[in-house]
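**Student:** no sequence on hand, only this structure:
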């Protein structure tokens, strides 16, 4: 599957060079993509796999992994100005795409407040047994079909029933998150993540289109940004002024 969707020579960008950044680097090298790892730490875990350290947006050959040192959000915005990655790997701690959106809107001059008093209404439409955590101050909800303390089966391909818990999954988690925010916020985007042997990726064109759309909106408004595969999800809630 991964060879069918990660194309040779295409651009793969990982936000972060830690544990999942290492997986992204190996994926990019195996699929002969042009891989960029973005991290503030020049000695991040992915450094062992990196072929070249870049100081800016120099061109990179297919099959090579590069490291660009600096703020991942700022570098990503710079990359998007000249080329749209095939895949973006959210590999920084916390909700990477929530941070991307907040940084983007802040850069556009908007005041972005996390939480915004939206939590209660969102949780009202999300099954309680699937909520791992919900923090009102940060506005972040983490949800999963897998109970806390249990581990998913490696390379799981089961869609309807979890092979570990035997729990039925009547809907994908990204569908449940969409339902939970549909009436609670003015605007929302749930990024459906594709899994590549332990690391998730979101299509770069979808990320860019979302950022462009958000830039066209007129505040004030409430906003929900989520990232989710079929079984796990994370949601960030904002008020934008």
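**Tutor:** Ah, there it is. Values in this document were obtained by computation on a predicted structure and should not be read as measured data. Numbering: from 1, shown residues only.

**Student:** my guess is residue 111 meets residue 220, correct?
**Tutor:** No - using CB atoms under 8 Å, residue 111 makes no contact with residue 220, being 9.1 Å away. The C-beta positions use only the backbone N, C-alpha and C, and glycine is treated the same way.

**Student:** check contacts around the residue nearest the centre of the chain.
**Tutor:** Centroid-nearest residue in the chain, with CA atoms, centre = their mean: residue 90, separated by 4.0 Å. Neighbouring residues of residue 90 by CB atoms under 8 Å, 6 or more residues apart in numbering: 15, 16, 96, 97, 193, 200, 202, 227.

**Student:** at 10 Å what do you get?
**Tutor:** 14-16, 20, 24, 72, 96-100, 191, 193, 199-202, 207, 227, 234 (CB atoms under 10 Å, 6 or more residues apart in numbering).

**Student:** please name the bridge partners of it.
**Tutor:** On DSSP bridges, the residues paired with residue 90 through beta bridges are residue 15.

**Student:** got it, and residue 38?
**Tutor:** Applying DSSP bridges, one finds that residue 38 bridges with residue 15, residue 68.

**Student:** what about it, how many residues close to it?
**Tutor:** 27 (other CB atoms under 10 Å).

**Student:** gap between it and residue 84?
**Tutor:** Noted for residue 38: a distance of 15 Å to residue 84, by CB to CB, to the nearest Å.

**Student:** over to residue 115?
**Tutor:** 31 Å.

**Student:** before we move on, what about residue 120?
**Tutor:** 37 Å.

**Student:** so for these two, which residue has more residues nearby?
**Tutor:** More neighbours surround residue 84 than the other of residue 120 and residue 84, with 18 against 10 (other CB under 10 Å).

**Student:** can you tell me the SS state at the more buried one?
**Tutor:** Recorded secondary structure, residue 84: coil (DSSP: H, G, I helix; E, B strand; the rest coil).

**Student:** contact partners for the nearest residue to it once chain neighbours are set aside?
**Tutor:** Among residues not flanking residue 84 along the chain, residue 204 sits closest, at 4.8 Å (CB to CB, 6 or more residues apart in numbering). Listed by CB under 10 Å, 6+ apart, the contact partners of residue 204 are 10-13, 76, 79-80, 83-88.

**Student:** what do you get for residue 142?
**Tutor:** 95, 130, 131, 132, 133, 134, 135, 148, 232, 233, 234, 235.

**Student:** rounded mean pLDDT for the helix or strand where it lies, please.
**Tutor:** Secondary structure from DSSP states H and E places residue 142 in strand 140-144. Per-residue pLDDT values over strand 140-144 give a mean of 96.

**Student:** give me the buried positions along the helix or strand following that strand.
**Tutor:** For strand 140-144, the following helix or strand on the C-terminal side (DSSP H and E) is helix 173-181. Applying a neighbour-count criterion of 16 or more other CB atoms under 10 Å, one finds 173, 174, 176, 177, 178, 180, 181 buried in helix 173-181.
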